[in-house]
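Participant: sharing a model that was predicted from the sequence below.
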Amino acid sequence: MKLNLTCKNIIKLTCLMVGLISSSFTNATLITAEITNSTLPNYYELQYSIVNDGPTEPIDGITFYFDYGLFQNISLVNSPLNWDFFSADPELIFGVAESGILDGLALYDPLTIGQELNSLIISFEWLGSNDLLSYVQLFEIYNADTFDLISDGTVALSAKQVPEPSTLVIFVLALMLLMSSALTRRQGE
């Protein structure tokens, strides 16, 4: 077998090796949140999914941050079993804007490597003028015994897609409606 060692292939191989080596040193806690509109204007729900992909210690403490001036009325809708979560709205304290928080502690069973926590749901009022999807939410994972920071990162926000009927289904329904009205008209004559 002959190796094709062109400059382009060497660069690809080098990038692949750097990616593989650097990925083995990263803290891989994946946190996503799905946004759902509420029935009230400017109110939304976030359903978080927290995956401990290692190579860290088990997750037993986590904090999400909500910027002052963008969020208010943050409330817990559903808390996962075995976890104690609470929320606090952003505040202006002595003239200093403080972020709101959603903080959670594992009561007895931390999130070990490979496990997922996905029943955490909050609601809030969005005060921002920009699209909520453009917001970058920060989080921190900490050791609940020592409060030492283990890792931090950003939450990947996505909008919950409302299922739309396909074009073919709409076309067939419209055709059936036209045929039915034509039959009714003929029977009336």
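Facilitator: Cool, the structure landed. Residues are numbered from 1 along each chain as shown.
Participant: which ones are touching the residue most central in space within the chain?
Facilitator: The residue lying closest to the centre of the chain (C-alpha atoms, centre = their mean) is A33, at 1.5 Å. Residues counted as contacts of A33 (C-beta atoms under 8 Å, 6 or more residues apart in numbering) are 46-49, 137, 155-158. All C-beta spots, glycine's among them, are computed from the backbone N, C-alpha and C.
Participant: beyond the helix or strand containing it, next helix or strand please.
Facilitator: Secondary structure assigned from DSSP states H and E places A33 in strand 29-37. Once strand 29-37 ends, the next helix or strand along the chain (criterion: DSSP H and E) is strand 43-52.
Participant: run the angle between that following strand and strand 29-37 for me.
Facilitator: Here strand 43-52 runs at an angle of 160 degrees relative to strand 29-37 (axes from the mean of the first three to the mean of the last three C-alpha atoms, to 10 degrees).
Participant: separation between the nearest residue to G54 once chain neighbours are set aside and I59?
Facilitator: In space, and not counting its chain neighbours, G54 is closest to I113: 3.8 Å by C-beta to C-beta, 6 or more residues apart in numbering. Remark: distance between I113 and I59 (C-beta to C-beta, to the nearest Å) = 9 Å.
Participant: ok, Y65 next?
Facilitator: Where I59 is concerned, Y65 sits at a distance of 17 Å (C-beta to C-beta).
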